[in-house]
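Participant: Test case, fold it:
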Amino acid sequence: MYIYKKILFFIFVLILIPIKLTALENKILFKINNKIITNYDILSETRYLYILNKELKKLENKKIFEIAKNSIIKDIIKENELKNFYKEIKIDKVFLEKFALNYFSNYKFKSIDELKLFIREKGLNFADLEKKMTIQLMWNQIIFKKYSNEIKINKELIKKNISKKKFQDEILISEIVFNVDKKKELEQKYTLIQNEIKKSNFSTAAIIHSVSESSINGGKIGWIKINSLSKQIKNEVKNIKKGGITKPIQIPGGFIVLNIEDKRKTEIKLDINKEIEKIIKKKTNEQLNQFSNIYFNKIKKDIKIDEL
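Facilitator: Numbers count the residues shown, from 1 in each chain. Have a look, this model is predicted:
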């Protein structure tokens, strides 16, 4: 415990001092299999996460450290698994740069050079950012190849539900996806989530507790058509009022808690076929994310993490 606190203190001091000074000393913090993680890795990951969500800066230092650490661990586990499928962790550069601009679209960069300059000004290496994105894109490829045949979507039912309605119900939601090893731990985990929501807000609770890719954005999903949700989730959210939060809902690979931020009815004016395709895409991504979580938890069990 003393060593752990010492490491935390060292990291947090580094976060506060100028970038040039951080090069003076680089200490090893822990190992994941044979991969060494240093205080510089944690510092870089923290800066990267700050770019994605400025709300992180409001968290306690200990929580920021854990989020950065878990983010690094997740990338390393995925990279190790990719090596079982590919000889090289690499994606077409032109495609990757387009993806990067789209990923940071909220900053409205006009060119990849503007993005590179921005990343450099934040004390980060653009090559490291490219690697993170490459790992995620190639991981998504694996998940699609492994599970695309297991995706179950009733297109006719979707068409029937849309065609018979002039208006459709939509909800603005955020999510917290989490796992527990034992059923009896579910209540304990949910209590931790509730306490963080009361102490801060749902967004902060998602950053800390969610294992979904949406966690870095505070769990925000956006406006979702009710008909695009699974029957189980639809039944849970239909009676939740605006601002309400669901109890844990079991999904493949874990549990999900939803925050119903707003509700609305929209008139169906668009091409029905396009609406159907949007719902199918949403349902496909939802199921692939669940399969991704299941697969990640499976391979994570074989990973050895040593605190130094």
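Participant: Report the contact partners of Thr38.
Facilitator: Applying Cβ atoms under 8 Å, 6 or more residues apart in numbering, one finds that Thr38 lies in contact with 26-29. The C-beta positions use only the backbone N, C-alpha and C, and glycine is treated the same way.
Participant: Any stretches of this structure with poor pLDDT?
Facilitator: 1-25, 163-165, 268-270, 307-308 (pLDDT under 70).
Participant: longest single helix anywhere in it?
Facilitator: helix 272-300 (DSSP state H).
Participant: tell me which strands and helices it is in contact with?
Facilitator: helix 61-82, helix 126-147, helix 155-163, strand 220-225 (3 or more Cβ pairs under 8 Å, 6 or more residues apart in numbering; DSSP states H and E).
Participant: Name the residues of the following helix or strand past the last one that are buried.
Facilitator: Later in the chain than strand 220-225, the nearest helix or strand by DSSP states H and E is helix 231-237. The neighbour-count criterion (16 or more other Cβ atoms under 10 Å) identifies 233, 236-237 as the buried residues of helix 231-237.
Participant: Within the sheet, what are the partner strands of whichever helix or strand comes after helix 231-237, with directions?
Facilitator: Counting by DSSP H and E, the next helix or strand C-terminal to helix 231-237 is strand 249-251. Here strand 249-251 is paired, per DSSP bridges, with strand 254-267 (antiparallel).
Participant: Contacts for the strand it pairs with next, please.
Facilitator: Contact with strand 254-267 is made by 166-180, 186, 190, 193, 202, 211, 219, 223, 233, 236-237, 240-249, 293, 297, as judged by Cβ under 8 Å, 6+ apart.
Participant: Just the C-alpha atoms of it, please, in PDB.
Facilitator: Extracted in PDB, the C-alpha atoms of strand 254-267 (Å, rounded to 0.1, in the frame of the first residue of the first chain):
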ATOM      1  CA  GLY A 254     -22.500  -8.000 -18.100                       C
ATOM      2  CA  PHE A 255     -25.000  -5.400 -17.000                       C
ATOM      3  CA  ILE A 256     -26.100  -2.000 -18.200                       C
ATOM      4  CA  VAL A 257     -27.600   1.000 -16.300                       C
ATOM      5  CA  LEU A 258     -29.300   3.700 -18.400                       C
ATOM      6  CA  ASN A 259     -29.900   7.300 -17.700                       C
ATOM      7  CA  ILE A 260     -33.000   8.600 -19.500                       C
ATOM      8  CA  GLU A 261     -32.000  12.300 -20.000                       C
ATOM      9  CA  ASP A 262     -34.900  13.300 -22.200                       C
ATOM     10  CA  LYS A 263     -37.900  11.900 -24.200                       C
ATOM     11  CA  ARG A 264     -39.600  13.100 -27.400                       C
ATOM     12  CA  LYS A 265     -41.900  12.100 -30.200                       C
ATOM     13  CA  THR A 266     -40.800  12.700 -33.800                       C
ATOM     14  CA  GLU A 267     -42.800  12.500 -36.900                       C
END
